[in-house]
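Student: model this:
(chains A, B, C and D)
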4 protein chains.
Amino acid sequence: MKIKDRNELEELQKAVLEANLLLYKSKLALHTWGNVSAISKDRSYYVIKPSGIPYEKMQFSDMVPVDLENNVLETNLNPSSDTPTHSLIYKVDSRIQAIVHTHSPFAVAWAQAGKDIPALGTTHADNFYGSIPCTNSLSDQQIQGEYEHNTGLVILDHFQKNKLDYIGTPAVLVKEHGPFCWSNKSAEDAVKLAMTFEEVAKMAFYTKVINPYQNQANPILQKKHYERKHGKNAYYGQKK
Amino acid sequence: MKIKDRNELEELQKAVLEANLLLYKSKLALHTWGNVSAISKDRSYYVIKPSGIPYEKMQFSDMVPVDLENNVLETNLNPSSDTPTHSLIYKVDSRIQAIVHTHSPFAVAWAQAGKDIPALGTTHADNFYGSIPCTNSLSDQQIQGEYEHNTGLVILDHFQKNKLDYIGTPAVLVKEHGPFCWSNKSAEDAVKLAMTFEEVAKMAFYTKVINPYQNQANPILQKKHYERKHGKNAYYGQKK
Amino acid sequence: MKIKDRNELEELQKAVLEANLLLYKSKLALHTWGNVSAISKDRSYYVIKPSGIPYEKMQFSDMVPVDLENNVLETNLNPSSDTPTHSLIYKVDSRIQAIVHTHSPFAVAWAQAGKDIPALGTTHADNFYGSIPCTNSLSDQQIQGEYEHNTGLVILDHFQKNKLDYIGTPAVLVKEHGPFCWSNKSAEDAVKLAMTFEEVAKMAFYTKVINPYQNQANPILQKKHYERKHGKNAYYGQKK
Amino acid sequence: MKIKDRNELEELQKAVLEANLLLYKSKLALHTWGNVSAISKDRSYYVIKPSGIPYEKMQFSDMVPVDLENNVLETNLNPSSDTPTHSLIYKVDSRIQAIVHTHSPFAVAWAQAGKDIPALGTTHADNFYGSIPCTNSLSDQQIQGEYEHNTGLVILDHFQKNKLDYIGTPAVLVKEHGPFCWSNKSAEDAVKLAMTFEEVAKMAFYTKVINPYQNQANPILQKKHYERKHGKNAYYGQKK
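Tutor: Sure, this is the predicted structure:
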């Protein structure tokens, strides 16, 4: 495949670089950990962080274009090793514009503990409808096979079985691994959501230490706050 | 209503902008979370942060003047969605000059846990007389009705039932939501109190982990420290 | 009393200002909390931070000279409200050159929990010989009387009853209040010790969460590490 | 012994200085705590941080060359007091190029608690094969004898008894003391590993608080992630 719209490619690469740098600056990832991607308008390819290159040294032209079958386009650089997970998420819901994976510590802790992050208050409900789910473990066969592809399958499976909406619940914990989240807007928005994800994971941690019996805020309060910021009757922010 | 004293308006807007930026710089709020307001001398209107505008982009002229019935004055910008909560707090006690709402993580955790923050030592007692109370939950009807107004009512109800003084206890946790606090001095002072609020919430968290049986410092010690800094016989600070 | 050696006064004021600024920069104190003092060579007076002046605005000439009976010398500024506590500590051991008081959060948490900080490892033992003790509470009479003087008395009483050496154990937690520490070298050294104090308090907190049954490192290991850095046979650092 | 290759010496000193400064900047050590060393190609000597010199003042020429019997070469400066521990680790495995010791708080807490850090997820498994082990305590005789040499012996003993590979498990906790780690690449790489060590210790702490029954991630997942980054079939990063 040849990418025709060179302006769009360059814009995507610049946006993805900026979003990756924001991820690093926000301390959601050490060293070369974490990755951000964003998809083209016609959804024929997306652009993702290269594998194992330090954030300090990345150029926008290092951002790797990949098609949805994980074929690298126009470059010799390796894309993030998590690329097959991104591809599956882009394919399952065409509203998703950008995906972020981090190893931010509180979110990783919930993933390692194998627990959903309960919606304990309005900070959570403003951004995530209901709990942030934690997937099942991958089976031994799934790990030994196409591991990163199967990581995506485990996410998709969890959303399907639990009838979750990818935009209402734009985040997931992969068990024993860590957080993924996505945005229907932009790479920058997805990174801001990753920051919120970590903040909500931190608050839930502290809350459960203070009161282990606290489980879910009133569902009516959750709905109110979610709809205050999202959907037809949202009234947070400025008119557009 | 028309605001006559243009100098006072501009000064209020500048002070409210500075206070909002201090809030952000002090890491009490991510993204566009949190808000600070301050009231005019004749208490006919107050100035509050606009809704959903990033801190990095706010200008002083974006700060929204609102009257105590939540009518926006002289601008097309939406004020913070929490505006009706601020209005009720200004109306209940005419000594209150500025109000701050944040989603700082330790204070939010106590609110999500549904627990008062006990006065465990002198850092708390220097600033808050007795526990920082946590309100009841809003009822389903209160959430589905005029939610932000009802949030204010729940605060007022809690202070009235518990005979709390708004200046002695210049702070509250709204259950499943987060902290509000206020100052009888200035917007800057209210933000400094929000920083203290979070610090005290953090210290109480650590203390209860070390010793879950610790509940309240000696009330005589609390009184001593509070009065060292506040009231007629205060002897902290410099003569004025 | 008139201070004769003007050079020494100015040097003390500059050193005390620098040490106070280091305290603030090291995030051991918010707002105007915390204070550092240092004593003159003939021990006729010491210099202490003024009360309630923001760190950002302090000048070296604002540092207040006080004699050991708490009389302010040559200035109209109020010294730190904790001055009488400092005076008593200087009087009890003539090796003490500088004193620091902070409200750093982990140390305060141990003080609020009313617990000694156990010597759980070599980081602690390198700096403090044995547990960092937590005093008893002040009695109601002690609080209502000369409170800050009595705070000093409670510290002195604890050291005397437990036969503690002020240089081997250069730190204490005042129950329901917070940490004090001191140095036989300089104001800067005392602030560095306050940083170590907070770090050790943090490590002890984490350790006790991981393993509540851990209590004291091997006393022989404690002695080894303390003497590696202190005393005749110290071999840490460079020859002088 | 006389060092012949002056260029190599200077390069080692510069690399060791940079690595020590990175350690300090990464907040893995306060004051003069912590130390980094790196060995020459022929393994006849290594270069280590001097003892007790503040990070802010260190020059590259202050980095101390030492032979593997702990003899200081060509300088009057004292090397880090932990030098004999470094020497033993260099001698036991000739693949080790650089060693780091820190007092980073979460790693120290696990050491003080006397517990291995379990491999709870992929962040750990990407970098460490299996648990990060915690040694036994030193005996009283070991402490009172050649303490730092015996600290090294306790590490070597633990690796031998548990048949651990120094490159697969490039890290250890010395009980009641703290973390040591090493790299088969460079001083910089060893410090980056020390940062990862602390991050993994932090994540494990949070995980065990959320779910105390969580113990080890699936060993097949651990192997997969370790081999994704290390060994013949590694596919993380760029081709070289």
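Student: use CA for all of it now, contacts and neighbours both
Tutor: Fine.
Student: tally of neighbours for A:His124?
Tutor: Residues lying near A:His124 (other C-alpha atoms under 10 Å in any protein chain shown) number 28.
Student: quick one: the lowest-mean-pLDDT helix or strand in chain A to chain centroid distance?
Tutor: Among the helices and strands of chain A, helix A:219-229 carries the lowest confidence by mean pLDDT, DSSP states H and E, at a mean of 91. In terms of C-alpha atoms, centre = their mean, to the nearest Å, the centre of helix A:219-229 is found 22 Å from the chain centre.
Student: that one near chain B anywhere?
Tutor: Yes. Against chain B, helix A:219-229 shows contacts by C-alpha under 8 Å from any C-alpha of the partner chain at A:220-221, A:224.
Student: reformat the residues you listed as JSON lines; add neighbour count.
Tutor: What follows is the residues of helix A:219-229 next to chain B, written out as JSON lines (neighbours: other C-alpha atoms under 10 Å in any protein chain shown):
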{"residue": "A:Ile220", "neighbour count": "14"}
{"residue": "A:Leu221", "neighbour count": "24"}
{"residue": "A:Lys224", "neighbour count": "19"}
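Student: what is the end-to-end distance of stretch A:141-153?
Tutor: Start and end residues of stretch A:141-153 are separated by 13 Å (C-alpha to C-alpha, to the nearest Å).
Student: need the contact partners of it.
Tutor: Outside of stretch A:141-153, the residues within contact range by C-alpha atoms under 8 Å, 6 or more residues apart in numbering or on different chains are A:81-86, A:88-89, A:138, A:174, D:220-221, D:224.
Student: same check on stretch A:200-207?
Tutor: Counting by C-alpha under 8 Å, 6+ apart, A:106-107, A:110, A:117-118, A:120, A:123-124, A:214, B:105-106, B:108-110, B:112-113, B:205, D:206, D:210 sit against stretch A:200-207.
Student: A:Tyr236: what secondary structure?
Tutor: coil (DSSP: H, G, I helix; E, B strand; the rest coil).
Student: got phi/psi on it?
Tutor: phi -90, psi 140 (degrees, to the nearest 10).
Student: OK, contacts around it?
Tutor: So A:Tyr236 contacts A:228-229, B:51-52, B:80-81 (C-alpha under 8 Å, 6+ apart).
Student: what's the closest of those to chain C?
Tutor: B:Ser80 (27.3 Å; C-alpha to the nearest C-alpha).
Student: how about the closest one, nearest residue that isn't a chain neighbour?
Tutor: B:Ser51 (4.1 Å; C-alpha to C-alpha, 6 or more residues apart in numbering or on different chains).
Student: could you do A:Ile48 as well?
Tutor: The shortest distance from A:Ile48 to any non-neighbouring residue, by C-alpha to C-alpha, 6+ apart, is to A:Ser37 (4.2 Å).
Student: equivalent analysis for A:Lys175, please.
Tutor: A:Ala111 (4.8 Å).
Student: ok, the residue positioned nearest the centre of chain A to C:Gly168 distance?
Tutor: Geometric centre of chain A, nearest residue: A:Cys181, 1.8 Å, by C-alpha atoms, centre = their mean. Using C-alpha to C-alpha, we find A:Cys181 at a distance of 52 Å from C:Gly168.
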